[in-house]
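Return atomic coordinates for the entry below.
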Amino acid sequence: MTTQTTTSRGWLTTLNTRHHRTALNVYLALVVAHWAEHILQAIQIYALGWPLKEARGALGVPFPWLVTSEWMHYGYALLMLVGLILLRPGFVGRSRVWWNISLGIQVWHHLEHLLLLIQALAGANLLGRPVPTSIIQLVVPRVELHLFYNALVFAPMVVAMVLHRRARQDERARMRCTCALSPA
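As a prediction, this is how the structure comes out:
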């Protein structure tokens, strides 16, 4: 085993042991910030009546190129996927099952964003559509679809985090981090 491999494994072990709680909190903050963007965009469309092209969330209003760039959307999908993979070893038992569900859904969500990015880069859209289009977007509009995808990934992720913090005694014995709350 090379020194680089040992160092990267050591970093991953540290992330999922001593720094797992902090890493989960940072990851959750990023996810909630992304949620806020999607919810604000939905409010702009449905509550404020803004046209779709103007409803760009908080960051997209001052920086419109962020919303129109598939790179930003793909980058976030990739960040979510990487976070779910890197933080996975810290979960055991029931929380691991729920984390895996979130990860599985995010794999699909990431593939959909990869398809969108490839279309944007190639300048050729799925089925000749005027804009890059994902597979599920063929039947569900993009704004609603991304709210749905984010909910599908977020819900089992939160269940996993709650179960991880409230681990049963048998799960607590297998945990290598200090995330679990003290038993009552």
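
Give the residue spans of the protein that score low on pLDDT.
Where the chain drops to pLDDT under 70, the residues are 1-9, 184.

quick one: buried residues of stretch 89-99?
89-96, 98-99 (16 or more other CB atoms under 10 Å). Every residue, glycine included, has its C-beta placed from N, CA and C.

Please compute how far it lies from its chain's middle.
Offset of stretch 89-99 from its chain centre (CA atoms, centre = their mean, to the nearest Å): 16 Å.

Can you dump the C-alpha atoms of it in CSV for me?
Only the C-alpha atoms of stretch 89-99 are listed here, as CSV (Å, rounded to 0.1, in the frame of the first residue of the first chain):
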residue,chain,number,x,y,z
PRO,A,89,-18.8,4.6,6.4
GLY,A,90,-19.8,6.4,9.7
PHE,A,91,-23.3,5.0,9.6
VAL,A,92,-24.4,1.6,11.0
GLY,A,93,-27.6,-0.4,11.4
ARG,A,94,-30.9,1.3,10.6
SER,A,95,-29.3,4.7,9.9
ARG,A,96,-27.0,3.0,7.3
VAL,A,97,-30.1,1.6,5.5
TRP,A,98,-31.7,5.0,5.2
TRP,A,99,-28.4,6.7,4.2
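
can you list contacts of that stretch?
Here stretch 89-99 makes contact (CB atoms under 8 Å, 6 or more residues apart in numbering) with 12-13, 15-17, 20, 24, 84, 87-88, 156-157, 159-161, 163-164, 167-168, 170-171, 174-177, 179.

ditto for stretch 128-145
With CB under 8 Å, 6+ apart, stretch 128-145 has contacts from 41-42, 45, 52, 55, 70, 112-113, 115-117, 119-120, 125-127, 148.

Now intersect those with the helices, please.
Members of the contacts of stretch 128-145 lying in helices (criterion: DSSP state H): 41-42, 70, 112-113, 115-117, 119-120, 148.

what's near enough to touch the residue sitting nearest the centre point of the chain?
Of all residues in the chain, the one closest to the mean position by CA atoms, centre = their mean is residue 80, 3.3 Å from it. By CB under 8 Å, 6+ apart, the contact list for residue 80 reads 31, 34, 106, 109-110, 153.
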